[in-house]
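Chemist: have a look; sequence and predicted model below, questions after that.
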Amino acid sequence: MSPLNPATAALLADALLTLHMAIVVFVVGLLPLVLVGGTLGWRWVRHRGLRLSHLGLIVFIAVQAWLGRLCPLTVWEQALRRTAGQHSYPESFIEHWLSRLLYWDAPWWVFLAAYTAFACGVALAWWWVRPTGRV
């Protein structure tokens with residue numbers, strides 16, 4: 001038996017889904033900002049810690065895909081939803097809308113190709129817009 005009550009598990013699952021979405025926005029959104037910012041001279045896009053975090057996340061995502069594994073955030077969210085008894089409708093507002101933005105129905109090879117291509121793009125951005133140690 002889980003030490004969490006269903007209501008707490010549902011709240012944690014929603015929070016985890018929100019965090020997951022924020023990570024997706026960070027990973028996907030930062031690359032175009034780096035490329036545009038490098039061209040426009042924005043100093044913050046060259047911050048080494050920011051860029052290392054970005055590269056590390058997309059490499060982790062691509063490696064997980066190559067290994068055929070789900071993202072740990074997805075696994076944890078699913079476990080919390082089971083604990084909350086939310087394996088089907090009704091779902092919370094956050095779960096309903098964010099999960100439709102985040103989870104797509106496509107063959108696994110589509111995700112594998114997309115994650116790998118995006119990771120290569122992030123890595124190439126290190127040469128196009130070189131990070132520095134300072135902002």
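Modeler: Received the coordinates, thanks. Computed from a predicted model, the values in this text were never measured in an experiment.

Chemist: so which elements touch the helix ranked longest in the chain?
Modeler: Secondary structure assigned by DSSP state H gives helix 6-40 as the longest helix of the chain. For helix 6-40, the elements it packs on are helix 48-66, helix 72-83, helix 93-102, helix 108-128, judged by 3 or more C-beta pairs under 8 Å, 6 or more residues apart in numbering; DSSP states H and E. Yep, even glycine has a C-beta here, placed from its N, CA and C like the rest.

Chemist: pLDDT value on Arg82, please?
Modeler: Here, the pLDDT recorded for Arg82 equals 88.

Chemist: er, His54 actually
Modeler: Value listed for His54 in the pLDDT field: 96.

Chemist: swap in the one 5 residues further on?
Modeler: pLDDT recorded at Val59 is 95.

Chemist: and for the one 4 residues further on?
Modeler: We note a pLDDT of 94 for Val63 in this prediction.

Chemist: switch the helices and strands packed on helix 6-40 over to CSV; also include mean neighbour count and distance to Leu40.
Modeler: Formatted as CSV, the helices and strands packed on helix 6-40 follow (neighbours: other C-beta atoms under 10 Å; distance: least, C-beta to C-beta, whole Å):
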stretch, mean neighbour count, distance to Leu40
helix 48-66, 16, 16
helix 72-83, 17, 33
helix 93-102, 14, 28
helix 108-128, 14, 13
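
Chemist: out of these, which is closest to Leu30?
Modeler: Of all those, helix 48-66 sits nearest to Leu30, with 5.0 Å by C-beta to C-beta.
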